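Enquirer: Here is my input, please return the structure:
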Amino acid sequence: MPIKLYKPTTPSRRKATVLDRKILTQKEPEKSLTFGKKSKAGRSKGKITVRHRGGGAKRLYRKIDFRQDKFDIKGKIKSIEYDPNRSAFIALVVYPDGEKRYILAQEGLKVGDEILSSKSKIEIKVGNRMPLKFIPSGTIVSNVELFKGKGGEIARSAGSGAIVMGNEKGYTQLKLPSGEIRLIDEDCLASIGQMSNVDHWLIRWGKAGRKRKLGIRPSVRGKAMNPIDHPHGGGEGHTPIGLVHPKTLWGKPALGVKTRKKKKWSDRFIIKRRK
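Expert: A predicted model of the protein is given here:
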């Protein structure tokens with residue numbers, strides 16, 4: 001999808017870019033598949049767990065079918081829509097019995113296309129969903145299950161996709177977007193194709209106001225604070241942090257320090273670590 005530029009009528013407009021959303025076919029979401037969702041502003045039980053979150057534009061949540069468990073029944077794509085709750089686009093699927101569901105849209109899906117979800121081997125076609133054991137090596141997949149029947153958890157953001165490397169002893173080797181190669185149960189479902197909105201990473205936001213509408217608040221550099229407020233604080237003017245390595249607000253190592261537990265149960269499924 002191309003990036004759209006505007007005439008530089010203001011300093012922020014000069015630097016901002018947006019996606020040309022001509023592919024989107026419907027502005028208003030399906031009413032029966034939406035509900036209101038209260039913003040928690042990065043808090044859990046009243047405590048801030050994610051900093052720099054809060055405010056933002058109101059949004060309706062679209063109920064997404066991550067499992068796609070209506071097996072062996074063809075669904076028809078009625079519309080491709082924008083979802084304010086995620087970076088990828090979503091598709092409204094209508095089934096022969098009249099049921100409607102939202103799914104994550106793969107790149108190349110169009111209005112009128114038919115998709116199928118099955119537990120057996122079916123056609124390798126963009127949008128179709130089947131167990132990993134039936135998908136040939138080298139195929140790009142998305143919305144991949146990590147646990148059988150739980151629904152897609154891997155490769156769900158805009159433009160992301162995992163590559164099937166091969167099958168062996170009940171497991172499929174999958175190369176994740178991070179570069180990690182991991183073993184996943186061959187009966188886990190995956191959708192064929194890369195996620196939609198591949199140019200999302202090219203957007204230039206242009207001004208702070210656009211980020212505020214997304215619910216992202218300003219962040220202050222530690223080196224701009226006082227020593228009592230941050231380990232990087234103190235000094236006159238624009239000074240270095242004065243430490244061997246960066247630290248968090250609470251004095252713990254930051255930026256590049258491994259936080260994964262040394263004896264995590266899932267280590268045996270990781271063949272190659274991410275880059």
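Enquirer: I'd like the distance between R273 and P246.
Expert: Distance of R273 to P246, given as C-beta to C-beta, to the nearest Å: 22 Å. Yep, even glycine has a C-beta here, placed from its N, CA and C like the rest.
Enquirer: Where does pLDDT dip in the protein?
Expert: Filtered on pLDDT under 70, the chain yields the residue ranges 1, 275.
Enquirer: Now the residue nearest the centre of it: closest residue in space, sequence neighbours ignored.
Expert: Nearest residue to the geometric centre of the chain (C-alpha atoms, centre = their mean): S157, 2.4 Å. Leaving aside its sequence neighbours, S157 sits nearest to S87 (C-beta to C-beta, 6 or more residues apart in numbering; 5.1 Å).
Enquirer: State whether the one you found is indeed within a helix.
Expert: No: applying DSSP: H, G, I helix; E, B strand; the rest coil, one finds S87 to be coil, outside a helix.
Enquirer: what's near enough to touch it?
Expert: Going by C-beta atoms under 8 Å, 6 or more residues apart in numbering, S87 touches S157, A158, N197, H200.
Enquirer: a markdown table for those residues, including distance to K121?
Expert: Below are these laid out as a markdown table (distance: C-beta to C-beta, whole Å):
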| residue | distance to K121 |
| --- | --- |
| S157 | 28 |
| A158 | 29 |
| N197 | 29 |
| H200 | 32 |
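Enquirer: Mind checking which of those residues are in strands?
Expert: In strands, judged by DSSP state E, none of the contacts of S87 are found.
Enquirer: where along the stretch 151-275 of the chain do the helices fall?
Expert: 208-213 (DSSP state H, counting those that start in this stretch).
Enquirer: mind listing the strands for it?
Expert: Here the stretch 151-275 of the chain has its strands, by DSSP state E, counting those that start in this stretch, at 152-154, 162-168, 171-175, 181-185, 189-192, 270-272.
Enquirer: C-alpha coordinates for the fourth one, CSV please?
Expert: What follows is strand 181-185, C-alpha atoms only, in CSV (Å, rounded to 0.1, in the frame of the first residue of the first chain):
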residue,chain,number,x,y,z
ILE,A,181,13.8,-20.6,14.9
ARG,A,182,11.3,-22.5,17.1
LEU,A,183,9.6,-25.9,17.2
ILE,A,184,5.8,-25.7,17.3
ASP,A,185,3.3,-28.6,17.4
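Enquirer: what does it contact?
Expert: When contacts are defined by C-beta under 8 Å, 6+ apart, strand 181-185 is touched by residues 132, 144-148, 165, 170-176, 269-272.
Enquirer: In the protein, which residue sits furthest out from the middle?
Expert: E236 (41.2 Å).
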